[in-house]
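Novice: Quick one, structure for this:
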Amino acid sequence: MPVAPFATQAGDWPFVLSSVLRRRPWVRGLVVFALVGLLWGWIGFPWLSGDVTIPYDAKAHFQAQIQFLANALHRGDSPFWTPNIFGGSPQIADPQSLIFSPAILLALLDATPSFRSMDGYVLGLLLIGGLAFAQFGRERGWHPAAQVLAALVFAFGASASWRLQHVGQVQSLACFAVAFWLLARALRHGSWKSGLGAGVAAAMMVVKPDQVAFLGSYVLAAYVLWFIVHDGTPLAALRRSAPALLAGGFVGLVLVVVPLAMTLLFSEASNRAEIDYAEAARGSLHPASLLTAFIGDLFGAKDPSVEFWGPSSSAWAPGSLTLSQNMGQIYVGALPVLAVVFWLARGGWAEKGEARFLLLALLASAIYAVGAYTPLYPLIFSAMPGADLFRRPADATFMIGALLALLGGHALNAALRAGVADDPERPLRDKARALGLTLLVALSAWGAAAIVAASHGQLGVALPALGSAAIWLAASLGLLALLAIPLRTTLPGAVLAVVLGVFLAADLRVNNGPNESTALPPALYAELEPNTDNDTIAYLKSVLARSHREPDRRDRVELLGMAFHWPNLGMIHGFDHAFGYNPLHMAEFTEATGARDHMGGAQDRTFTPMFPSFRSAFADMLGLRFIVSAVPIERVDRSLKPGDLTLLARTRDGFIYENTRALPRALFVPAVRLADFDEKLDKGLPADFNPRTSVLLEQVPDGFDLKPPLSAVHQGPTGTSESGPDRPAKVRLVSYANTEVVIEVDAPRAGFVVLNDIWHPWWGATVNNAETEVLKANVLFRAVQVVEGRSVVRFSFRPLDGLMADLRDKVLGPEEDELSSNIAMVP
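Specialist: The predicted structure is shown next:
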């Protein structure tokens, strides 16, 4: 029924309330915000109550990240580097580290952020983004119901709901919503303050880039261009908007330039320095997935009793797509989609205002999302700056949901306002025709879904989803008809907002609510609790504590074939895992060790020429002392012989082995052996190489005496190095923090202190407070040259200095080094 949005009738409380709201717009805005908040709380209650928790990446990766951040901050340590995964990793440059995100407030406030608080943080981001969209509509005079719709669709539509576990992308999406609202406000009013806010929000979006931030940046830039040119006076529009754009651009650049540059440099040196077209194409959204805009759970992604049969499953073309079952869901509710169809049927496609921009942006996002299924994607991938940095065009489903939220709000507002300015001779007929076309589109989508299901032998499986969709589509179409066709009775806007808001919230709760992809019992992730009573973790902590009493030791662990959420446990419990779970890690470490983003099972463990076995020089140099395996270790490393590893314990989770040959974290060696590190990565370490007596370097440091020593020196198991006539070398780890390692050495002669942590150009060092070069040693590790006698070596992580040096090298070119072409052994 068309509504006079704030009609009043004496004696009738809804109309009295509406009159009050009409006279006080700020109260009206608060009522909309309150209604959105209540409905958000209702849909999100299973997570907010702690009954379920956001699973998978939200736990395996981001829970570990937030706990590592909290651990560092609350013990006064720096979170800019972590020694706990992949031999060491630059957190300050990691786009998923949460350092440059609102989550740092959670880490500051709580030393042990709970699952519930982290879930609340994620849902809170979506609430903030939804409220920004509601305010966007309010500033355009949208009906309160349309404002509520935009907020709810943003918060619980498409990937915002189905991919809650991708916390970084949810952050980017929320920042995009705030940035878009403030940018539109700044341009409309020429407000430098709103421009400043838009710049801050946009900087928060791109500071640690992902594909949502990438696409959001294009949408924001396109909106600016559209705003300047759409009214036919671009120069005047540019003059009006210049203060806002300059303010936003300046503050955004200041906030983003340093961390973004670090991330890009890290990416260049990582395992994902570039994404090839074939890999990106496998991340495309199959066009059949677009049917989920009308049929909520068409492919069984939500129902655990139904085997998923969508385009990325074995029911279609196995291996052709690399998408999880939740990545193809774009359902935002039946009412918003049908409202958009109804608006288009009434000629909305011809509108020249913001709605046209939103429609074009939505179409562009859909084309990008389907990726290789369109002939345009090869051109997009090669010609669109930044597109080749990301592997999954289907991530555009986040942007599809956001744009549908705005377009759905606009369309519902148009339906609610219909008839006010229409030709009295034609409105009813035109609306009836538009409703007929909307019904035809809904029936066509429903029929197409049924045909797709039948063609894959899944019609019986899909019938419940088809039946449920028919109910929601019919109810939504009925509501549209009542809202659009004039009746004599009017309904206050606030009441209608409640009715439609509850209806949409119910739809989203049923179809996009908690499911096996977004909500699992917290008990499944008990090992992630800092105070867990898991017996495997307790045993590891015990044996590591004993080994760390030795002055030179900080042993590493490998968690082999454990549960999905185990690889980053070291970031929570403070031990160093040889591997980890992260899409980005150093390329050389990957090549040397065979590390993957995630090793889901023992079968995923691969060996390399550098790391050919758990009994190898590299395993010893890595300090890999304890191995926890879900299966007997000989099933993984078939080259092992009896006695190579010692079985220490059998727990509920697996087998715990010890490698007694593991080297200390820090040691002194007197001799140099020159080596081509690229060759060693390809062919492995020399069979006669002994890391206790010599160090592999690519060049001889200036001033190093190549005269042979009187005897070989080796470091014993207690931090001393014993030899014939030479006195023993002593090495002690004085302190070991995330970004600073202090080592005391008493050397019988000049030589090298080797720190078996991964080499990175942003680490610097001093010896007795004098700057010295951190040498790349033994292919992957760090070493510094020391003189005879006592020395204090201090390794410090210096990301800003490293960044400036890297940028200088890119501009001026790296300094040329005179590398020796001879391979020499100094005994």
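
Novice: Now do the helices in the stretch 651-800 of the chain.
Specialist: 677-683, 799-812 (DSSP state H, counting those that start in this stretch).

Novice: mind listing the strands for the stretch 1-150 of the chain?
Specialist: Counting by DSSP state E, counting those that start in this stretch, one finds no strands in the stretch 1-150 of the chain.

Novice: show me where pLDDT drops low in it?
Specialist: 1-26 (pLDDT under 70).

Novice: mind running it again at 90?
Specialist: Residues of the stretch 1-150 of the chain meeting the criterion pLDDT under 90: 1-31.

Novice: can you check the stretch 201-350 of the chain too?
Specialist: Ranges of the stretch 201-350 of the chain meeting pLDDT under 90: 208, 230-240, 270-276, 302-307, 314-315, 317-322, 347-350.

Novice: For Ala519, find the nearest of the helices of the stretch 651-800 of the chain.
Specialist: For Ala519, the closest of those is helix 799-812, at 37.2 Å, according to Cβ to Cβ. Every residue, glycine included, has its C-beta placed from N, CA and C.

Novice: in the stretch 651-800 of the chain, which ranges drop under the pLDDT threshold?
Specialist: Using pLDDT under 90, the flagged stretches of the stretch 651-800 of the chain are 699-728.

Novice: on that earlier part again, Pro378: which of the helices of the stretch 651-800 of the chain is closest?
Specialist: helix 799-812 (29.0 Å).

Novice: Output that closest one as CSV, nothing but the C-alphas.
Specialist: C-alpha atoms of helix 799-812 as CSV (Å, rounded to 0.1, in the frame of the first residue of the first chain):
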residue,chain,number,x,y,z
PRO,A,799,61.0,-2.3,8.9
LEU,A,800,61.1,1.4,8.2
ASP,A,801,64.8,1.3,7.5
GLY,A,802,64.3,-1.8,5.4
LEU,A,803,61.5,-0.2,3.5
MET,A,804,63.5,2.9,2.6
ALA,A,805,66.4,0.7,1.5
ASP,A,806,64.2,-1.4,-0.7
LEU,A,807,62.6,1.7,-2.3
ARG,A,808,66.0,3.3,-2.8
ASP,A,809,67.1,0.1,-4.6
LYS,A,810,64.1,0.1,-6.8
VAL,A,811,64.7,3.7,-7.8
LEU,A,812,68.5,3.7,-8.1
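
Novice: about what we covered before: out of the helices of the stretch 651-800 of the chain, flag the one nearest Leu404.
Specialist: Using Cβ to Cβ, the helices of the stretch 651-800 of the chain put helix 799-812 closest to Leu404, at 39.3 Å.

Novice: Run through the residues that contact Leu685.
Specialist: Met610, Ser616, Ala617, Phe618, Leu696, Val779 (Cβ atoms under 8 Å, 6 or more residues apart in numbering).

Novice: rerun at 10 Å
Specialist: 609-612, 616-618, 621, 675, 691, 696, 778-779 (Cβ atoms under 10 Å, 6 or more residues apart in numbering).

Novice: Save those as a markdown table, and put in distance to Tyr218 and neighbour count too.
Specialist: Converted to a markdown table, these look like this (distance: Cβ to Cβ, whole Å; neighbours: other Cβ atoms under 10 Å):
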| residue | distance to Tyr218 | neighbour count |
| --- | --- | --- |
| Pro609 | 43 | 16 |
| Met610 | 41 | 25 |
| Phe611 | 41 | 22 |
| Pro612 | 46 | 16 |
| Ser616 | 48 | 21 |
| Ala617 | 49 | 22 |
| Phe618 | 44 | 25 |
| Met621 | 46 | 25 |
| Ala675 | 46 | 19 |
| Pro691 | 50 | 23 |
| Leu696 | 46 | 24 |
| Asn778 | 44 | 28 |
| Val779 | 41 | 24 |
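
Novice: before we move on, back to that, how about a markdown table for the helices of the stretch 651-800 of the chain, with mean neighbour count and distance to Ile228 added?
Specialist: Formatted as a markdown table, those follow (neighbours: other Cβ atoms under 10 Å; distance: least, Cβ to Cβ, whole Å):
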| stretch | mean neighbour count | distance to Ile228 |
| --- | --- | --- |
| helix 677-683 | 15 | 51 |
| helix 799-812 | 14 | 32 |
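
Novice: and of those helices, who's closest to Leu35?
Specialist: helix 799-812 (45.4 Å).

Novice: With distance to Asn71 as extra columns, can I get the helices of the stretch 651-800 of the chain in a markdown table?
Specialist: Listed next are those as a markdown table, based on distance: least, Cβ to Cβ, whole Å:
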| stretch | distance to Asn71 |
| --- | --- |
| helix 677-683 | 33 |
| helix 799-812 | 19 |
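
Novice: coming back round to it: can I get the contacts of Leu685 in a markdown table with distance to Leu379?
Specialist: Formatted as a markdown table, the contacts of Leu685 follow (distance: Cβ to Cβ, whole Å):
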| residue | distance to Leu379 |
| --- | --- |
| Pro609 | 40 |
| Met610 | 40 |
| Phe611 | 41 |
| Pro612 | 44 |
| Ser616 | 47 |
| Ala617 | 49 |
| Phe618 | 44 |
| Met621 | 47 |
| Ala675 | 45 |
| Pro691 | 51 |
| Leu696 | 46 |
| Asn778 | 45 |
| Val779 | 41 |
